[in-house]
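J.: need a 3D model of the following:
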Amino acid sequence: MRIDPDGDSHPELEKIHDDAQGEAAHPHPHGQVISDEAAAYLTPLFDQLKYSVQVYLFTQKGKNEKFNQAAREILLAFQGLSDKIVYREFSLTDQEARQWKVGRSPTILFHPELYNIRFLGTPAGEGGRTLLEILLLLGMRSSGVSSQSKKILEKIDSPRRLKVFVSLNCPYCPQQAANAVKAAIEKPNLISLEIIEILANPDLAQKYNAMSVPQTYANEVLIVQGAQPEEIFMSSLEKLEQQTYFLPDIDAEQIEADLVIVGGGPAGLTAGIYAARSGLRTVIVEKGALGGQIATTPIVENYPGFAQVGGKTLVHMMVVQALQYVQIFQDEEALEIQPGSPLVVMTNRRRFLARAVLLATGATHRHLNVPGEARLAGRGVSYCSTCDGPLFAGKRVAVVGGGNSAATDALYLHNIGVQVTLIHRRKQLRAQEHLMKQVLERKIPILWNTEVKEIRGRERVEELLLWNHQSKEKSTMRVNGVFVSIGYDPTVDLAKRIGVEFTPDGYIRHDSHHRTNLAGIYSAGDVEGGFKQIVTAAGQGAEAALSIFEDLVSPYWKAEG
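T.: This next block holds a predicted model:
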């Protein structure tokens, strides 16, 4: 079992999952917990810690034993990197467990004399990133929150009891967990935090209907589904309901650039590389996880140069390369673009003055728009198999769709022990031939000519109402979950607000140089329609960057004027 500095899961670490039941398995008997490369990366970070961090692991023999052992090995490995990390282990029968009100195995407490932060489960996979964040922040006695977040937290004058549900494979979970950790450190007297890993605590996941992660509760109220930029999270925490919009104070930091790229997927990252190499001062603004949809794709098999590569691995390589050339502002949402010379891009943290803006905002999961879908979202309705799939090991689910994404999701879920049925409204799949062949070889059931008309369930998904076009008959199907994989819609809210023109299909209208109808505003990637492939998005990003460079040297809008 290994932990690498990029936080990605590796084959050794994936042994944390039991093939049949989704439980944690024994760590690799001969593998290092932390690789030499990771140790070389982490040791200088820990050398900067100013204060010791008390880490207490509570376990109960015979209860979640595989999770206990994995947590023990990970924490001991981290302790071995720094004398500032002080590790102790207790039993749930010890007085310390009663003192700190610990009743689950495993539970990790972090400096409980000063803070009320605990991790229920094993901090493996993506949880390793959360563990590292906690250790570094506590070791500096600093929350690391922005000045805007501090102003929001100052308004909180009553207790907030936070619960953040996460999974080992969810790339969005560390972002939301870090937000909660920062809040708990900034206001330790009022904010407590439990980070709950759903595989180790399936009963809590069921109780809170946390069938999709991340989910955040405060004072037993669901305040957030998904991950948020830091300031929007703090606003949700303060108001005890999900917030979607935050405007910074006018004294926010200001940055000048030649090009601001909105979106950190393959189009945006590639455009950043090409623009910066052309000599343009370039920044990338991304409100969510870098890489876009690739970050949640288990395996990519059609990107040139790689016969097979994990989606997160490919994203990591793209980001590392882009960082050699550009500044990336993650967790920042572009809220407004004001026309003029320069263009003014307002985010939830600062303003950018730019000569040009590239909209590479990608696409979002398309919904079925049937009764029950919105109500049961996160309660059995999911759009991310890698995030939520492990919770359904041994259970029955449906994957709706017939393209590459649906076939990939079905194969992934089948391989981790989920009972999968594909539901497709046509009489044949639209997926690539090799994916269809794998689906058939694994004998994954397929319901042809069938649509989902309703998703039913009181507290969580229980059954689907189906309609068969061929037989003209309705039927019901008992399931524990449904994964919707029917394509994507372009993310164009920002483009709409600033007056960009669209095609009849709802994509950004552009010319052959990726110019929109607005001077200085360009587009690239899935927002333009066409083939939604990683290589296509990357190519469009490169084209757009080169067009922008040429136009800034000799502005087309001035020539036309």
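J.: so, low pLDDT: which residues of this protein?
T.: For the chain, applying pLDDT under 70 flags the ranges 1-32, 245-252, 556-561.
J.: helix or strand: which one has the closest residue to Leu411 other than its chain neighbours?
T.: Nearest in space to Leu411, with sequence neighbours left out and distances taken as Cβ to Cβ, 6 or more residues apart in numbering, is Gln438 at 5.7 Å. Any C-beta I mention is one placed from the backbone N, CA and C, and that applies to glycine too. Secondary-structure assignment from DSSP states H and E places Gln438 in helix 433-441.
J.: which residues does that helix contact?
T.: If you take Cβ atoms under 8 Å, 6 or more residues apart in numbering as the criterion, helix 433-441 is touched by Glu301, Asn404, Ala407, Thr408, Ala410, Leu411, Leu422, Leu429, Ala431, Ile446.
J.: list the contacts of the last one.
T.: So the one you mean is Ile446. Contacts of Ile446 (Cβ under 8 Å, 6+ apart): Thr421, Leu422, Ile423, His424, Leu429, Val439.
J.: returning to what we had before: please indicate which of the contacts of helix 433-441 are buried?
T.: Neighbour-count burial (16 or more other Cβ atoms under 10 Å) applied to those gives Asn404, Ala407, Thr408, Ala410, Leu411, Leu422, Leu429, Ala431, Ile446.
J.: tell me the domain ranges of this structure?
T.: 13-239, 253-364+490-560, 381-484 (automatic domain parsing).
J.: can you lay out the ones you listed as CSV showing distance to Pro371?
T.: Output for the domains of the chain, formatted as CSV (distance: least, Cβ to Cβ, whole Å):
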stretch, distance to Pro371
domain 13-239, 18
domain 253-364+490-560, 21
domain 381-484, 5
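J.: tell me which of those domains lies nearest to Ala374.
T.: domain 381-484 (8.3 Å; Cβ to Cβ).
J.: run the chain-centre distance for the closest one.
T.: From the chain centre to the centre of domain 381-484 is a distance of 22 Å (Cα atoms, centre = their mean, to the nearest Å).
J.: what do you get for stretch 119-133?
T.: 14 Å.
J.: do the same with stretch 40-51
T.: Centre to centre, stretch against its chain (Cα atoms, centre = their mean), the figure for stretch 40-51 is 26 Å.
J.: ok, and what's touching it?
T.: 5, 34, 78, 81-82, 84-85, 132, 135-136, 138-141.
J.: quick check, nearest of those residues to Ala544?
T.: Distances from Ala544 to the contacts of stretch 40-51, taken by Cβ to Cβ, are shortest for Pro5, at 31.5 Å.
J.: which non-adjacent residue is nearest Ile210?
T.: Not quite, residue 210 is Ala, not Ile. In space, Ala210 is closest to Phe165, 3.8 Å off (Cβ to Cβ, 6+ apart).
J.: cool, Glu462 as well?
T.: Arg456 (5.7 Å).
J.: please report how far the residue nearest to Leu411 lies from Pro555.
T.: Using Cβ to Cβ, to the nearest Å, we find Gln438 at a distance of 50 Å from Pro555.
J.: same question for Leu465.
T.: 56 Å.
J.: kindly report the same for Gln79.
T.: Gln79 is 58 Å from Pro555, by Cβ to Cβ.
J.: now swap in Asp83 and tell me
T.: In terms of Cβ to Cβ, Asp83 sits 59 Å off from Pro555.
J.: looking at the two, which is more packed in?
T.: Counted by other Cβ atoms under 10 Å, Asp83 and Pro555 do not tie: Pro555 has more neighbours, with 16 against 10.
J.: for Ala334, see how far away the more buried one is.
T.: Going from Pro555 to Ala334 by Cβ to Cβ gives 22 Å.
J.: enumerate every residue touching the residue nearest the centre of the chain.
T.: By Cα atoms, centre = their mean, the chain has its centre lying nearest to Tyr172, at 2.1 Å. Contact analysis of Tyr172 by Cβ under 8 Å, 6+ apart lists Val213, Pro214, Gly226, Ala227, Gly288, Ala289, Ala295, Cys387.
J.: these two touch, right, the first one and Gly389?
T.: No. Counting by Cβ atoms under 8 Å, Gly389 is not a contact partner of Val213; they are 10.8 Å apart.
J.: these two: who's more crowded?
T.: Val213 (31 against 26).
J.: for the contacts of helix 433-441, which one is nearest Asp526?
T.: Asn404 (14.1 Å).
J.: from what I see, Gln338 and Phe352 are in contact.
T.: No. With contact taken as Cβ under 8 Å, Gln338 and Phe352 are classed as non-touching, separated by 10.7 Å.
J.: quickly list what's touching both of these two.
T.: With Cβ under 8 Å, 6+ apart as the test, Gln338 and Phe352 both reach Val344.
J.: now do the helices in the stretch 51-200 of the chain.
T.: 65-79, 95-99, 127-140, 147-153, 173-186 (DSSP state H, counting those that start in this stretch).
J.: export those helices as TSV, with columns for distance to Val260.
T.: Shown next, in TSV, are the helices of the stretch 51-200 of the chain (distance: least, Cβ to Cβ, whole Å):
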stretch	distance to Val260
helix 65-79	38
helix 95-99	51
helix 127-140	27
helix 147-153	19
helix 173-186	21
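J.: could I get these as a markdown table with distance to Arg161 and mean neighbour count?
T.: Output for the helices of the stretch 51-200 of the chain, formatted as a markdown table (distance: least, Cβ to Cβ, whole Å; neighbours: other Cβ atoms under 10 Å):
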| stretch | distance to Arg161 | mean neighbour count |
| --- | --- | --- |
| helix 65-79 | 23 | 21 |
| helix 95-99 | 19 | 13 |
| helix 127-140 | 18 | 22 |
| helix 147-153 | 15 | 19 |
| helix 173-186 | 10 | 26 |
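J.: can I get the CA coordinates of the longest helix along the chain in CSV?
T.: For the chain, the helix that runs over the most residues, judged by DSSP state H, is helix 534-553. Extracted in CSV, the C-alpha atoms of helix 534-553 (Å, rounded to 0.1, in the frame of the first residue of the first chain):
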residue,chain,number,x,y,z
ILE,A,534,-10.5,14.7,-24.4
VAL,A,535,-8.3,15.0,-27.5
THR,A,536,-10.8,17.2,-29.2
ALA,A,537,-11.1,19.6,-26.3
ALA,A,538,-7.3,19.7,-26.0
GLY,A,539,-6.9,20.5,-29.7
GLN,A,540,-9.5,23.3,-29.5
GLY,A,541,-7.8,24.7,-26.5
ALA,A,542,-4.5,24.9,-28.4
GLU,A,543,-6.2,26.4,-31.5
ALA,A,544,-8.0,29.1,-29.4
ALA,A,545,-4.7,30.0,-27.6
LEU,A,546,-2.9,30.5,-30.8
SER,A,547,-5.8,32.6,-32.3
ILE,A,548,-5.8,34.8,-29.2
PHE,A,549,-2.1,35.4,-29.5
GLU,A,550,-2.4,36.4,-33.1
ASP,A,551,-5.4,38.6,-32.3
LEU,A,552,-3.7,40.4,-29.4
VAL,A,553,-0.8,41.2,-31.7
